[in-house]
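**Q** The sequence isn't on hand, but the structure is:
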């Protein structure tokens, strides 16, 4: 069966520090991969998605970036965090079911920028 | 891009009563409409979805209805229980991503009073 792992689960970072969140998927090949962010008490905002290795599409201009160095690995990064980057970051994957497949979320990474 | 509006933002019901959450979407070509449940501090999980070739789908106490003409779909929970308390999100294919991603409503916080 397919599983998705995301880490770290929680982190507290000072403003201006770098960030790296990692996500890996097991049990599937060629997944579509996504990063969403959820601000406290808010909805889910799509940040990046990827349909293959090295293919990254950004939905929101920001100081974050994403990379997909391997088929089942998706990384979210920042060189300098802002206070507004605080939130709950969710990695997700979707199989090759086109636009009607279920989106599976990782357990999330809660980031607090101080 | 696809605009998904969800209401109400909060909903409080007595145990055993029914709850209805409604969403509207803007892309008439959208053909997949999932509902996700997110318990406090946890990841969203799919509870039911509907494709555009049907008008209603049921799964025990949960049902989703779709009106393609009016471009709205609704989640119905009958005989609510305290464990139904959570935040519920509707979603639709994200047009700007070639429908590879989902765009989410702003969420409804459901509180079931025992």
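**A** Here it is on my side, so go on. Computed from a prediction, not measured in an experiment: that's the story for all the values here.

**Q** can you give me the strands for chain B?
**A** Per DSSP state E, chain B carries strands over the ranges B:4-7, B:10-14, B:19-25, B:32-38, B:45-51, B:56-59, B:62-67, B:72-77, B:86-93, B:102-104, B:108-113.

**Q** Can you tell me which of those is most buried?
**A** Most buried of those by mean neighbour count (mean count of other C-beta atoms under 10 Å in any protein chain shown) is strand B:102-104; its value is a mean of 26. Just so you know, the C-beta spots here come from the backbone N, C-alpha and C atoms, and that holds for glycine as well.

**Q** Could you spell out the sheet neighbours of that one, each with its direction?
**A** strand B:86-93 (antiparallel) (DSSP bridges).

**Q** neighbouring contacts of the strand it pairs with?
**A** The contact list for strand B:86-93, computed with C-beta atoms under 8 Å, 6 or more residues apart in numbering or on different chains, reads A:43-44, A:99, A:103, B:2, B:4, B:6, B:21, B:23, B:25, B:27, B:30-40, B:44, B:47, B:73, B:75, B:99, B:101-105, B:107-110.

**Q** Could you rerun that using 6 Å?
**A** With contacts defined as C-beta atoms under 6 Å, 6 or more residues apart in numbering or on different chains, strand B:86-93 is touched by A:99, B:2, B:4, B:6, B:21, B:23, B:25, B:30, B:32-39, B:99, B:102, B:104-105, B:107-110.

**Q** hang on, the earlier thing: the strands of chain B into JSON lines, with extra columns for mean pLDDT and distance to residue A:60?
**A** Putting the strands of chain B into JSON lines (pLDDT from 0 to 100; distance: least, C-beta to C-beta, whole Å) gives the following:
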{"stretch": "strand B:4-7", "mean pLDDT": "96", "distance to residue A:60": "16"}
{"stretch": "strand B:10-14", "mean pLDDT": "98", "distance to residue A:60": "26"}
{"stretch": "strand B:19-25", "mean pLDDT": "97", "distance to residue A:60": "20"}
{"stretch": "strand B:32-38", "mean pLDDT": "96", "distance to residue A:60": "20"}
{"stretch": "strand B:45-51", "mean pLDDT": "95", "distance to residue A:60": "24"}
{"stretch": "strand B:56-59", "mean pLDDT": "96", "distance to residue A:60": "32"}
{"stretch": "strand B:62-67", "mean pLDDT": "97", "distance to residue A:60": "28"}
{"stretch": "strand B:72-77", "mean pLDDT": "97", "distance to residue A:60": "25"}
{"stretch": "strand B:86-93", "mean pLDDT": "96", "distance to residue A:60": "17"}
{"stretch": "strand B:102-104", "mean pLDDT": "93", "distance to residue A:60": "12"}
{"stretch": "strand B:108-113", "mean pLDDT": "97", "distance to residue A:60": "23"}
